[in-house]
Structure formats: C-alpha cells, structure tokens
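Peer 1: Pasted the sequence and its predicted model underneath.
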Amino acid sequence: MHTISPWAATVQADLENGTVIWEKEFKNYNFHAFNTGDSIWILTTWPDGGKMAFRAAFGLNCCFEVTNLLDDGELLVLNLETRIGKYEVCVNFPDSEEVLLHYTTSFSAKMPLLIPFWPRDILVVTKQGSVENTSGNLHMHQMGSRSGILFASTTRPRTGSVFYFQNLGSLSPYCEATETSLEDTVGGAWPEIGFKLPVTNQKALPADKAYIISDAYVIFSDQIIDNEIQETQEFLNHLAHVYMALPHPEVFYHNWPDITQSCLRDLQQSKGCWTQTKGKSYLNAYLCDYDTPGEVMVQLAVLMPLNELKDWYGKTDPIYNELLDGIEGFYDPKVKTVNRWLPELAHQLDKSEEQKQEMVMDSWYLHHPLMNLARLALNGEKKAEELVLKSVDFAIKVAHHFDYQWPVFYKMDTLEVIKKETEPGKGGEKDVPGSYAHLMLLIYRLTNNKRYLREAEKSVKKLAGCGFDILYQANNTAFSAGALLELYKLTGKQEYLDLSYACLACLFKNMQIWDCQYGFGKNYPNYFSVFPLNNAPYTAAYEEMEVYAGLSEYLLQSETVDLPSSLKILIPEFLKYAISRFPFYYPPKLPEEMISDEVKTGEIGKELWIPLEDLYNGWEKSGQVGQEVYGAGVGFGVLTRQYHKVKGEEFLLFSDYPLIHIKKSNKTLTFKILGSASLECNLKILIPNKVKLKIKALVDKNIIAPTSENTEIISYNITGGSTVKIMW
C-alpha cells in the first residue's frame with residue numbers, strides 16, 4: 001500500500017459521488033469532466049474500465065463555480081471562478097493516430113498571490129478499492145529542465161500506459177512574473193504523479209492578468225510495457241506523435257560561412273587559446289588555462305573538424321598543420337597508447353580533480369581521441385593511422401580486463417579501479433561499450449580486419465537490458481547508436497537495430513523540447529537542446545556538436561533501413577533546431593549581463609567567437625565553467641554538413657535537413673531531402689555579390705515559389721522526403 005497525501009485521499013470518493021459537467025467518447029475511450037469543489041478533474045476510462053484522473057484546475061483553498069461551458073464538438077471551453085481568481089480550461093483531441101488528449105489551463109488572480117503549494121495533476125483511480133492500493137511503473141520522468149515528460153504503466157489494475165507531456169514553454173510568462181523555475185516539475189511518486197506548478201514563496205503572481213499554468217498532452221495506450229526494447233520504442237513513437245501536435249518556435253537562419261571565418265580568426269589570433277611545449281603549439285582546453293598540460297582530446301576535437309573544413313574549402317588552414325605536428329607527443333611508450341595528457345608534463349597535474357592525476361583515465365576518454373585519429377586516418381592522414389594502430393591494442397586490453405563494462409576511472413598502468421560507479425548502485429559508464437564498438441568499427445573500415453568487427457559485436461551485447469539507463473554522456477550514446485546501426489547493416493541482426501533505437505530514446509529523453517523564455521533563457525533560443533549528462537544542469541557546446549554530427553550521420557546511413565516514422569520526424573527536427581541554436585554559445589551573440597563573472601577555469605573573452613562550455617536557461621548565468629577552446633570546431637561542423645558547393649558554380653546550397661543523392665548535370669541540380677513528409681525544412685540558395693542568377697525550383701516535378709527572395713538569398717520551405725530539382 002502506498003502512502004498518499006490529503007490531496008489524493010478523497011479524490012476517489014469525490015469522483016464517485018461527483019457530478020459530471022462534460023463527457024465525450026473518443027476512439028473507445030471515455031472522458032468525463034468533474035467539478036469536485038476545489039478541483040476540476042478530467043477522468044479517462046480505458047475500454048477495459050481502467051481509470052486515470054487529470055487535475056485540470058486546482059482552486060487554491062476555494063471551490064469552483066462553472067460560469068460558462070462551451071462545447072462545439074471539437075473544443076471544450078470551461079470558464080470557472082473562485083473567490084480569488086478566474087480560470088479557463090480548454091480541452092481538445094488533436095488529430096493523431098494515437099488517443100491524444102490536450103488540455104490547457106489559464107489563471108487570472110483577483111489579487112497578488114503567493115502560491116506556497118500545488119498538488120500533482122495525475123492520479124490513478126480504481127474500479128473498486130482504494131487509490132493507495134494501485135501500482136505502476138514510472139518508465140521515465142523529467143530530470144532538471146529537460147522535457148516535461150512522464151511515461152508510466154498501470155500494473156494494478158492492469159490497464160495500460162500513459163505518456164504525459166507538459167509543454168513547459170507555455171508557462172514561461174508565469175515563471176518570468178514569479179521568478180520561478182520549471183526544473184523537476186514533472187514526476188512524483190506513485191500514485192500521485194504528473195505536473196506540479198512551481199510555488200511562489202518570494203514573488204507574488206500579479207493580479208488581473210491571465211497566465212497559462214498547465215498545457216498538457218496525454219497519450220493513452222492499452223499496452224503494458226514489460227521490456228526495455230518496447231519501453232524505448234514506445235517512448236519514441238509517443239514523443240513523435242506529441243511533437244506533431246505541438247506548436248513549434250521559429251527557426252533562425254545564421255550565416256555559418258561568416259561565423260566560421262570569425263572562429264578561425266579568433267582561434268588563430270587569440271593567445272589565450274594556445275600554449276607552447278618544447279617548440280610545439282597546443283590548444284588550451286579553456287581560454288587562458290595555462291596551468292593544465294595539453295590534452296589529446298582537445299587537439300583532436302578541433303583537428304577533426306578542421307580536416308573536414310580543409311576538404312570543403314579545398315585548402316588547408318595553417319592551424320591544421322600546427323595541431324597535426326603536435327599529436328605524436330601524446331603517445332606514451334610506457335603504456336603503448338596515446339595518453340590523455342602530454343606524458344612529459346603529466347607530473348604537473350594539480351590533482352584538483354580525479355582525472356587530473358598521472359595515469360588516471362576516464363573510461364570514455366581513452367576511446368574518444370582514438371576515434372578521431374581513426375577518422376583522420378580514413379581521410380588519408382598517415383600520421384593518424386600510425387598512431388591509432390599503435391594504440392588500439394591497449395584499448396582492447398582494457399576492454400577485455402573489464403569484460404566490456406567500464407568503470408568511471410582507472411589507472412592506465414595497473415588497471416586498478418579508482419571510481420567504479422557514477423553513483424552508488426548505478427554502475428559505471430554504461431554507454432562506453434557502444435563508443436568502444438564505434439572505435440572498433442572505424443578501425444575495421446581502416447584495416448578490413450574482422451578482429452575489430454568481432455570486438456564490436458562482443459561489446460554492444462553489454463548494452464542489452466539497460467533500457468533508459470544507457471546514456472552516460474550524450475555524445476558517446478550518439479556514437480553508440482551509429483555503431484549499432486552499422487552492425488545491423490553488416491550482420492542483419494535485429495537486436496542491434498533495436499538497441500540502436502534504445503540509444504536514440506535515451507538521447508531524446510535527455511533533451512529539452514520546450515523553449516525556456518524566462519530569466520536569462522529569454523535571450524536565446526533553447527528549444528530541442530540536448531544535455532551532456534543525465535544530471536547536467538546546463539547544455540554544453542562540444543557534446544551538443546558531437547550529438548548533432550552523430551545524428552546527422554545516423555540519418556544519412558539509415559537511408560537503406562526502414563526507419564520508424566518517429567525517427568524520421570525527431571532526428572531531422574533536432575538537427576534543424578541545433579543549427580538555429582548553436583551560434584548562441586558564442587559570447588558575441590549574448591547580452592553581457594547573462595555571462596558569468598566567476599569562471600571555474602581560465603577566463604571569458606566576451607568579444608571572441610570561441611564558445612562557452614555551458615549555457616543555462618532560466619535564472620543562472622552562463623559560462624560558469626569556462627570558454628571551451630576545444631569547442632571551436634562547432635561552426636566548422638555545421639558549415640561542412642549543411643552547406644553544399646555546386647561544382648563549377650559560385651552559389652551555395654543550404655538545407656537544415658540532410659540532403660542525399662546530389663547530382664549535377666549542365667545547369668541542373670537534383671537531390672533528395674531526408675525527413676518526414678509531415679514537416680518542412682528550410683532550403684536556401686546563397687548567391688554571391690554581383691552574381692546574377694535566375695532560379696527555377698521543382699519539387700516532385702512541380703514548380704514551387706520561394707517563400708522569400710532577394711539578390712543574395714532565395715528561400716524555400718520544402719517537405720521532408722521530397723525530390724528537388726534546381727535549374728538556373
């Protein structure tokens with residue numbers, strides 16, 4: 001039996017004895033609205049009789065009077081009044097394949113109010129018996145400021161599952177007015193779950209203005225979730241259906257060629273980005289951090305996007321050769337692998353953190369630079385090929401020692417475990433088996449040696465059974481998803497594809513699919529952000545960039561796979577919003593007052609196009625960790641993926657969905673846009689000054705008109721999955 005609060009104890013009896021003020025049958029489900037005095041409930045009844053109640057309005061110690069009820073068959077509008085304010089509850093059922101309920105509640109106080117308490121808005125009720133005797137599984141709920149999602153199954157009575165999405169962006173004006181936060185507002189403990197309005201202990205809610213206090217979307221299913229594959233795939237399906245019903249914020253176009261040039265200039269010219277060791281130049285991890293020895297990941301995190309940029313421009317930036325020249329210095333002959341720190345300076349580590357000690361390795365950190373070396377090798381860099389092939393045996397040795405289940409920290413020379421688990425009982429870095437498999441597959445491509453393919457297959461088996469717990473670090477989980485997709489294509493084994501989707505579910509669970517427009521969050525778009533760790537309070541430039549690059553590649557590589565419609569919706573939309581958001585990691589794009597004056601590492605150069613590591617939404621300032629030089633490749637990655645040169649022509653093609661099958665013939669260009677036919681992407685033709693161009697665009701053989709046009713940019717909105725022909 002569960003312990004329940006007074007706000008839940010009487011609900012069952014109130015509903016049984018209450019008066020129905022509205023009812024509707026929809027897709028074999030029954031919905032009834034009840035006025036139980038201090039609450040307005042929407043009671044949902046499954047076809048088998050199972051019941052769940054949703055508190056659409058709470059009276060704050062007052063009873064409700066229904067002043068007006070309008071039901072036109074599509075939309076229910078309830079106007080309500082209490083002694084302290086007026087409410088409006090709107091209920092509708094958006095067009096969807098699922099059983100999808102949407103209700104929105106606004107409140108206007110008659111006097112300025114402090115609101116010290118608010119109950120959760122979901123309660124499972126029973127056909128017979130008591131609320132406290134029900135049981136269920138919470139598959140996932142909101143963490144921090146991620147999406148306001150709760151996904152649960154009712155097991156006693158054995159009814160089905162519910163996917164609840166609180167559109168937190170709608171509540172931004174409430175939080176701005178009361179200086180509150182929407183972090184950790186969707187969750188709870190069985191049987192009282194759902195959304196809890198932030199309380200206002202310090203600043204009163206103003207009077208005589210209507211504020212949205214709930215904007216909930218709920219999907220009902222008769223499916224009982226009983227394994228992690230079903231759990232993660234149902235999550236993706238439900239999220240995509242809700243996403244299609246949501247209003248979506250505007251997407252902003254940024255001139256990434258100009259941003260790239262600004263980044264290159266500041267990277268080259270700012271002395272705070274660089275340090276010298278024995279005549280060789282190395283990038284600092286953070287601007288003006290001269291105390292920490294050079295790190296191999298930092299060099300390669302910029303070198304790899306520079307390699308892509310070299311191919312895109314057709315010329316080599318001087319920084320590229322400087323960085324490439326220093327990479328060999330990280331090889332440590334004592335352990336026969338590339339080390340995290342320059343071996344000759346490792347004794348200077350200040351031991352301020354667990355990993356800042358000689359020979360201590362963070363598990364994912366061993367593989368990450370080897371991945372980038374392998375990518376460079378596949379792009380023809382012989383020095384990188386030599387280094388990665390000299391180092392990979394050590395990575396395999398470590399994998400075998402830990403049986404493909406890595407701790408957090410270990411000693412490289414002895415393999416002694418320094419920190420076993422991320423948290424007590426949570427295990428180690430659970431997505432490292434996937435990132436290790438990604439490394440093995442890169443080297444398999446490089447060598448065609450099946451030893452590495454076998455290693456990849458052995459490793460990913462450790463991801464089975466993890467469900468929503470796979471993600472340790474978001475970029476590694478993205479690499480894991482790609483590795484599993486590749487293994488599926490190589491072997492045809494369905495289990496790898498299912499695990500790939502599970503990795504993607506973990507990524508989307510860790511995203512913020514709402515636009516925080518209160519506090520400092522209103523200074524930049526943050527819709528569809530992804531957080532680097534499960535408990536990270538901020539989004540991070542480099543990890544976001546790698547997730548973006550990983551999911552972009554995933555979409556390209558999955559073209560021959562029957563990808564679920566949910567992923568054709570969610571992945572391209574994440575990419576579209578990422579491109580729109582990324583420039584706001586650069587301090588010149590932010591107001592100075594939202595950048596922290598106190599910095600953990602190094603200094604902040606507010607005029608530099610070097611990204612901040614950390615962006616907070618809400619009331620916290622950004623840049624508290626530092627200005628990450630190793631994130632300088634963010635702009636390079638966007639330029640090379642979203643902008644397409646046309647051979648022999650001066651104009652550029654930009655698309656915020658990926659393009660495939662690009663072919664040129666005379667003055668004609670054809671290509672296919674990936675994504676869902678239910679959504680649109682932005683396609684732009686960028687024309688240099690003094691170049692005159694007459695363009696005709698066809699989608700599936702039909703001429704389309706531009707949405708806007710001037711001498712420099714011609715813009716189109718085009719649905720995903722379209723075949724496009726451009727003629728000039």
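Peer 2: Noted; the coordinates are in hand.

Peer 1: Find me the pLDDT at residue 8, would you?
Peer 2: Among the per-residue scores, residue 8 holds a pLDDT of 88.

Peer 1: Report the contact partners of the closest residue to it other than its chain neighbours.
Peer 2: Excluding the flanking residues, the one nearest residue 8 by C-beta to C-beta, 6 or more residues apart in numbering is residue 192, at 5.1 Å. All C-beta spots, glycine's among them, are computed from the backbone N, C-alpha and C. Contact analysis of residue 192 by C-beta atoms under 8 Å, 6 or more residues apart in numbering lists 4, 5, 7, 8, 119, 120, 122, 123.

Peer 1: Looking at residue 192 now. What's its pLDDT?
Peer 2: 95.

Peer 1: That one pairs with what?
Peer 2: residue 123, residue 189 (DSSP bridges).

Peer 1: separation between it and residue 218?
Peer 2: 16 Å (C-beta to C-beta, to the nearest Å).

Peer 1: Touching, residue 609 and residue 268? I think so.
Peer 2: No: using C-beta atoms under 8 Å, residue 609 makes no contact with residue 268, being 11.3 Å away.

Peer 1: More neighbours: those two, which one.
Peer 2: residue 609 (25 against 13; other C-beta atoms under 10 Å).

Peer 1: Contacts only, for that one.
Peer 2: 259, 262, 263, 265, 266, 586, 588, 635 are the contacts of residue 609 under C-beta under 8 Å, 6+ apart.

Peer 1: what do you get if the cut-off is 10 Å, keeping everything else the same?
Peer 2: 258-267, 270, 583, 585-589, 632, 634-635 (C-beta atoms under 10 Å, 6 or more residues apart in numbering).

Peer 1: among the residues you listed, which ones are buried?
Peer 2: Taking 16 or more other C-beta atoms under 10 Å as the criterion, what is buried in those is 259-260, 262-264, 266-267, 270, 583, 585-587, 632, 634-635.

Peer 1: My guess is residue 219 contacts residue 93. True?
Peer 2: No: assessed by C-beta atoms under 10 Å, residue 219 is found out of contact with residue 93, at 11.0 Å.

Peer 1: Need the overlap of contacts for those two.
Peer 2: With C-beta under 10 Å, 6+ apart, residue 219 and residue 93 have common neighbours 99, 100, 101, 245.

Peer 1: Per-residue pLDDT of the last one, please?
Peer 2: In the prediction, the pLDDT value recorded for residue 245 is 98.

Peer 1: My guess is it contacts residue 163. True?
Peer 2: No: counting by C-beta under 10 Å, residue 245 does not reach residue 163; the two are 11.9 Å apart.

Peer 1: Neighbour count for those two, which is higher?
Peer 2: residue 163 (24 against 18).

Peer 1: For the more buried one, give me phi and psi.
Peer 2: Residue 163 adopts backbone torsions of phi -120, psi 110, taken as degrees, to the nearest 10.

Peer 1: Quickly list what it is bridged to.
Peer 2: residue 151, residue 219.

Peer 1: Next up, the contacts around it.
Peer 2: 98, 100, 139-140, 149-152, 217-221, 234-235, 237-239, 241-242.

Peer 1: Only alpha carbons, please: show the helix or strand harbouring residue 433 as CSV.
Peer 2: According to DSSP states H and E, residue 433 maps onto helix 432-447. What follows is helix 432-447, C-alpha atoms only, in CSV (Å, rounded to 0.1, in the frame of the first residue of the first chain):
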residue,chain,number,x,y,z
VAL,A,432,31.2,3.1,-23.3
PRO,A,433,30.5,-0.4,-24.8
GLY,A,434,28.9,1.4,-27.6
SER,A,435,31.5,4.0,-28.1
TYR,A,436,34.2,1.3,-28.0
ALA,A,437,32.3,-0.6,-30.7
HIS,A,438,32.2,2.6,-32.8
LEU,A,439,36.0,2.8,-32.4
MET,A,440,36.4,-0.9,-33.4
LEU,A,441,34.2,-0.4,-36.5
LEU,A,442,36.2,2.6,-37.6
ILE,A,443,39.4,0.6,-37.4
TYR,A,444,37.6,-2.3,-39.1
ARG,A,445,36.9,0.1,-42.0
LEU,A,446,40.5,1.2,-42.0
THR,A,447,42.1,-2.3,-41.9
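
Peer 1: buried ones in it?
Peer 2: 432-444, 446.

Peer 1: what does stretch 564-573 give?
Peer 2: Those would be 564, 565, 566, 567, 568, 569, 570, 571, 572, 573, for stretch 564-573 by 16+ other C-beta under 10 Å.

Peer 1: what's the answer for stretch 76-87, then?
Peer 2: Result for stretch 76-87 [16+ other C-beta under 10 Å]: buried residues 76, 78, 80, 81, 82, 85, 86, 87.

Peer 1: I'd like to know which of the residues you listed is nearest to residue 495.
Peer 2: Nearest to residue 495 out of the buried residues of stretch 76-87 is residue 76 (C-beta to C-beta; 45.4 Å).

Peer 1: which non-adjacent residue is nearest the closest one?
Peer 2: residue 91 (4.1 Å).

Peer 1: what's the angle from the helix or strand in which residue 485 is found to helix 432-447?
Peer 2: Assigning secondary structure by DSSP H and E places residue 485 in helix 474-491. Using axes from the mean of the first three to the mean of the last three C-alpha atoms, to 10 degrees, the inter-axis angle of helix 474-491 relative to helix 432-447 is 50 degrees.

Peer 1: helix or strand right after helix 474-491?
Peer 2: That would be, after helix 474-491 and using DSSP H and E, helix 494-509.

Peer 1: Would you mind listing the buried residues in that next one?
Peer 2: Those would be 495-509, for helix 494-509 by 16+ other C-beta under 10 Å.

Peer 1: low-scoring stretches of the chain, by residue?
Peer 2: By pLDDT under 70, the low-scoring segments of the chain are 129.

Peer 1: Can you tell me which residue is spatially central in it?
Peer 2: The residue lying closest to the centre of the chain (C-alpha atoms, centre = their mean) is residue 530, at 2.7 Å.

Peer 1: Could you verify my assumption that that one touches residue 146?
Peer 2: Yes: the pair residue 530 / residue 146 is scored as a contact, 9.1 Å apart, by C-beta under 10 Å.
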